[in-house]
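Trainee: fold the stuff below for me.
(one chain, ligands or ions: 1)
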Amino acid sequence: MEPNLIQVFGSYMSWKLNENTWIINFMGGSQNIYLLEGREKALLIDTGWGAGNLRDLVEKLTRRPVIVTNTHGHLDHSGGNGEWEEVLMLPGAEGDLFTCHRLPFDVSKLPFPNYIRKIVKDGDRIELGDRTIELLDISAHSNGSLAYLDHSTGFLFAGDELESAQVLMYETEAIPGYIFDLDTRLRTHHKNMLRLRALKGLWNTLLPAHNGAPIAHGYLDDYIGLVEHIYAGDAIIEDKLNHFYVEQSDPEHKLCRVRWGDASFFVNKADMMKLYGASSL
Ligand SMILES: [Zn+2]
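Mentor: Numbers count the residues shown, from 1 in each chain. Sure thing, here's the model as predicted:
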């Protein structure tokens, strides 16, 4: 029997990373939502695809009032926003929400389709009670990406900007007002990763929004190296993406994987070849 949409996009399993932090894992293990509990409040990082059944689970895990935030506006992270009254995000994330017609669910039927979008900025802090979360703007994969630095545990929640499988560095749909070319994305990503590395000591555990979590610190070094080796012209280009869903959306094979060590990006190959070997950073 074919699974229905809620079984595909809204079958969650959760486990504790420590006594007051949960991974909510779904999409066959490929996506991670996080729930952090402080003495007074909880923080939910991302809302999934909008299957409509996430809030029930979250309220079984914690009795604290929940603050909701998106690592960024891509639909697999923000689809369920309408289950809550208010969601914190960067301004660039807000632009991505207008592509919600591509979601598998009619999110206008969620309880709060006109939820408040509370705009935050780099350096803002969320106080949960004996647990302070600092927001870091690390936009490159998307127009508005946050990392969350948990000062009480050393957890660093990195969203889609740093993960074990690949980071996507192309837009599937242009967002008005945010033209973010590959050169800008790569240079910004490099700067962001150097910033995260410089903050080492404040964090000890890297927790991405996709695939395995936590991941080795070496991924961060390899992502820094990857951008440097693209511009130096000796990063490794792999024509095969080895990603079923992205390959389905790229019938003309415009994308490639570019790799250094354990780090790789999916990029538009023609755009990348203009930069490949063009300069040193
Ligand atoms: Zn994304």
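Trainee: now the stretch 151-281 of the chain against the ion: closest residue?
Mentor: residue 160 (3.7 Å; CB to the ion). C-beta coordinates here come from the backbone N, C-alpha and C atoms, glycine included.
Trainee: how about that residue: what's its closest non-neighbour residue?
Mentor: residue 141 (4.9 Å; CB to CB, 6 or more residues apart in numbering).
Trainee: helix, strand or coil for that neighbour?
Mentor: Three-state assignment for residue 141 (DSSP: H, G, I helix; E, B strand; the rest coil): coil.
Trainee: that one and residue 73 touch, don't they?
Mentor: No. Residue 141 lies out of contact with residue 73 (CB atoms under 8 Å); the separation is 11.2 Å.
Trainee: can you give me the strands in the stretch 101-250 of the chain?
Mentor: 116-119, 125-127, 132-137, 146-150, 155-159, 167-168, 205-208, 236-238 (DSSP state E, counting those that start in this stretch).
Trainee: stretch 8-28 and the ion, are they touching?
Mentor: No. Counting by CB under 5 Å from the ion, the ion has no neighbours in stretch 8-28; the shortest distance is 12.9 Å.
Trainee: residues in contact with the residue of the stretch 151-281 of the chain closest to the ion?
Mentor: Neighbour list for residue 160: 71-72, 74, 77, 141-142, 145, 167-168, 208-210 [criterion: CB atoms under 8 Å, 6 or more residues apart in numbering].
Trainee: ok, now residue 159?
Mentor: By CB under 8 Å, 6+ apart, the contact set of residue 159 is 46, 71-72, 77, 138, 141, 145-147, 208-209.
Trainee: now render the residues you listed as JSON lines, adding pLDDT.
Mentor: Listed next are the contacts of residue 159 as JSON lines, based on pLDDT from 0 to 100:
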{"residue": "46", "pLDDT": "98"}
{"residue": "71", "pLDDT": "98"}
{"residue": "72", "pLDDT": "96"}
{"residue": "77", "pLDDT": "97"}
{"residue": "138", "pLDDT": "97"}
{"residue": "141", "pLDDT": "94"}
{"residue": "145", "pLDDT": "96"}
{"residue": "146", "pLDDT": "98"}
{"residue": "147", "pLDDT": "98"}
{"residue": "208", "pLDDT": "98"}
{"residue": "209", "pLDDT": "98"}
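Trainee: which pair of the residues you listed spans the longest distance?
Mentor: Largest separation among the contacts of residue 159 by CB to CB: 46 and 138, giving 14.8 Å.
Trainee: quick one: buried residues of stretch 229-241?
Mentor: Neighbour-count burial for stretch 229-241 flags 229-231, 235, 241 (criterion: 16 or more other CB atoms under 10 Å).
Trainee: same check on stretch 127-138?
Mentor: 128, 131, 133-138.
Trainee: do stretch 185-200 as well
Mentor: 185-186, 188-190, 192-193, 196.
Trainee: what's the distance between residue 115 and the ion?
Mentor: 20 Å (CB to the ion, to the nearest Å).
Trainee: could you double-check that that residue sits in contact with residue 78?
Mentor: No. With contact defined as CB under 8 Å, residue 115 does not count as touching residue 78 (10.3 Å).
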